[in-house]
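In: whatever this is, show me its structure:
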Amino acid sequence: AWGVDATVSGSQKGLMLPPGLGFVSLNDRAWERQKKGTIPRFYFDLLKEHTAIVNNQTAYTPAVSLILGLREVLRYFKKEGRETIFARYQKFSSAMRAAAGALHLELFSKTHSNGVVSLCLPSPVESKSVVKTLRDQYQMMIAKGQGDFTDSVIRISCIGHREASDLVDVFSALESVLKAQGAQMAFGNGVASLKTALAEKRP
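Out: Numbering: from 1, shown residues only. Now for the predicted structure:
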């Protein structure tokens, strides 16, 4: 229905697993092109992998522990339900954007995602210092920006295994770190706005 010939993903993308597994899905048209492909391949031979999967095998030694972890994650997702999970991600991302607004932090993207919230940091704060301090002093992991925005943007995930209280903890620590590193902001506004947004009942 979307006209997508191939989709790819990885085990670290919202599945609460370490990296190491790759997922590929092809429609019928893409499979036909695979049969006609002449580019040399070995481990990335999807036809060989497909033949093995039909026989409940893998073409090469699999990452067994990650596959068993994936089975548990998928059981969890099936039990909770996709709509419930997606609604939680939407609520978390919306609440984090509200908190950012209360702290006068600019959103990097004008088109919002429910997967991650990217924030532009005020001068003189640098993302590498914020990320390092959160990791070393608060045992919290967020990500820096990439490319030209490595030093000016931080990224906070909305997906995976987390609770509303985790977001409150992150923004509480983030406010402290930003304040300590010279950002001008009304301390506590972000956490207050976050709590309000998380408490809102959605139809």
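
In: report the separation between the two terminal residues of stretch 43-60.
Out: Terminal residues of stretch 43-60 lie 8 Å apart, using C-alpha to C-alpha, to the nearest Å.

In: contact partners of it?
Out: Residues outside stretch 43-60 that contact it (C-beta atoms under 8 Å, 6 or more residues apart in numbering): Val24, Leu26, Trp31, Gln34, Lys35. C-beta here means a position set from N, CA and C on the backbone, and glycine is covered the same way.

In: measure the closest residue to Ile159 other than its chain neighbours to Ala143 for me?
Out: Once flanking residues are discounted, Ile159 sits nearest to Gly14: 4.2 Å by C-beta to C-beta, 6 or more residues apart in numbering. Distance of Gly14 to Ala143, given as C-beta to C-beta, to the nearest Å: 14 Å.

In: and the contacts of stretch 43-60, which are buried?
Out: Leu26 (16 or more other C-beta atoms under 10 Å).

In: between the contacts of stretch 43-60, which sits nearest Ser93?
Out: Val24 (27.2 Å; C-beta to C-beta).

In: Three-state assignment for the nearest residue to the closest one once chain neighbours are set aside, please.
Out: Nearest non-adjacent residue to Val24, counting by C-beta to C-beta, 6+ apart: Val8, 5.3 Å away. Under DSSP: H, G, I helix; E, B strand; the rest coil, Val8 falls in the strand class.

In: which residues sit in contact with Ala143?
Out: Contacts of Ala143 by C-beta under 8 Å, 6+ apart are Val131, Ile154, Arg155, Ile156, Ser157.

In: export stretch 172-185 as PDB, just CAs?
Out: These are the backbone C-alpha positions of stretch 172-185, laid out as PDB (Å, rounded to 0.1, in the frame of the first residue of the first chain):
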ATOM      1  CA  SER A 172      15.800  17.200  36.200                       C
ATOM      2  CA  ALA A 173      19.400  16.200  35.600                       C
ATOM      3  CA  LEU A 174      19.600  18.000  32.300                       C
ATOM      4  CA  GLU A 175      18.400  21.300  33.900                       C
ATOM      5  CA  SER A 176      21.100  21.000  36.600                       C
ATOM      6  CA  VAL A 177      23.800  20.300  34.000                       C
ATOM      7  CA  LEU A 178      22.700  23.100  31.700                       C
ATOM      8  CA  LYS A 179      22.600  25.600  34.600                       C
ATOM      9  CA  ALA A 180      26.000  24.500  35.800                       C
ATOM     10  CA  GLN A 181      27.500  25.000  32.300                       C
ATOM     11  CA  GLY A 182      26.200  28.500  31.900                       C
ATOM     12  CA  ALA A 183      22.800  28.300  30.300                       C
ATOM     13  CA  GLN A 184      20.400  31.000  31.200                       C
ATOM     14  CA  MET A 185      17.000  29.500  32.100                       C
END
